[in-house]
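A.B. asks: Please find the sequence and the predicted model below.
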Amino acid sequence: MCIRDRFFIVKQYMINSQPRYMETNGDLVASIEYMEYMNLGLDHYDNAIERINKVTKEDLQRVAKKYFHTDKFVWVTVGP
């Protein structure tokens, strides 16, 4: 599977998971609390799909290069 297909799958997952944030009254309250705490505005979920669709593979690569420094990663293996 090429990176373009994976990128599309991730975007579709994020879009399709939006309704899960509001399945119960508690979820709805938590979502509103999160939007208020992060200063996202009450229209955050209304515009989420549009914002997700605007993200490009190049945007993702640019941000990954800025924040993920592979030369500083530490591998940890946990198991019996």
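C.D. replies: That came in fine, so what should we check first? All values derive from a computational prediction rather than experimental measurement. Residues are numbered from 1 along each chain as shown.

A.B. asks: List the buried residues for the helix or strand containing I52?
C.D. replies: Per DSSP states H and E, I52 falls inside helix 44-54. Neighbour counts over helix 44-54 (16 or more other CB atoms under 10 Å) mark 44-45 as buried. The way it works is simple: take the backbone N, C-alpha and C, and place the C-beta from them, glycine included.

A.B. asks: Now do the following helix or strand past it: distance to the chain's middle.
C.D. replies: Using DSSP H and E, the helix or strand that follows helix 44-54 in sequence is helix 57-67. Averaged C-alpha coordinates place helix 57-67 at 14 Å from its chain's average position (CA atoms, centre = their mean, to the nearest Å).

A.B. asks: now do stretch 60-71
C.D. replies: In terms of CA atoms, centre = their mean, the centre of stretch 60-71 is set 16 Å apart from its chain centre.

A.B. asks: That stretch - what's its average pLDDT?
C.D. replies: The average pLDDT within stretch 60-71 is 89.

A.B. asks: who's in contact with it?
C.D. replies: Identification of contacts with stretch 60-71 by CB atoms under 8 Å, 6 or more residues apart in numbering yields F7.

A.B. asks: Dump that stretch to PDB, restricted to CA.
C.D. replies: Below are the C-alpha coordinates for stretch 60-71, written out as PDB (Å, rounded to 0.1, in the frame of the first residue of the first chain):
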ATOM      1  CA  LEU A  60       2.100  16.100   7.300                       C
ATOM      2  CA  GLN A  61       5.700  15.700   6.200                       C
ATOM      3  CA  ARG A  62       6.600  19.300   7.100                       C
ATOM      4  CA  VAL A  63       5.100  18.900  10.600                       C
ATOM      5  CA  ALA A  64       6.700  15.500  11.100                       C
ATOM      6  CA  LYS A  65      10.100  16.900  10.200                       C
ATOM      7  CA  LYS A  66       9.700  19.700  12.600                       C
ATOM      8  CA  TYR A  67       8.600  17.700  15.600                       C
ATOM      9  CA  PHE A  68       9.800  14.100  15.100                       C
ATOM     10  CA  HIS A  69      13.600  13.900  15.300                       C
ATOM     11  CA  THR A  70      14.300  10.300  14.400                       C
ATOM     12  CA  ASP A  71      18.000  10.600  15.500                       C
END
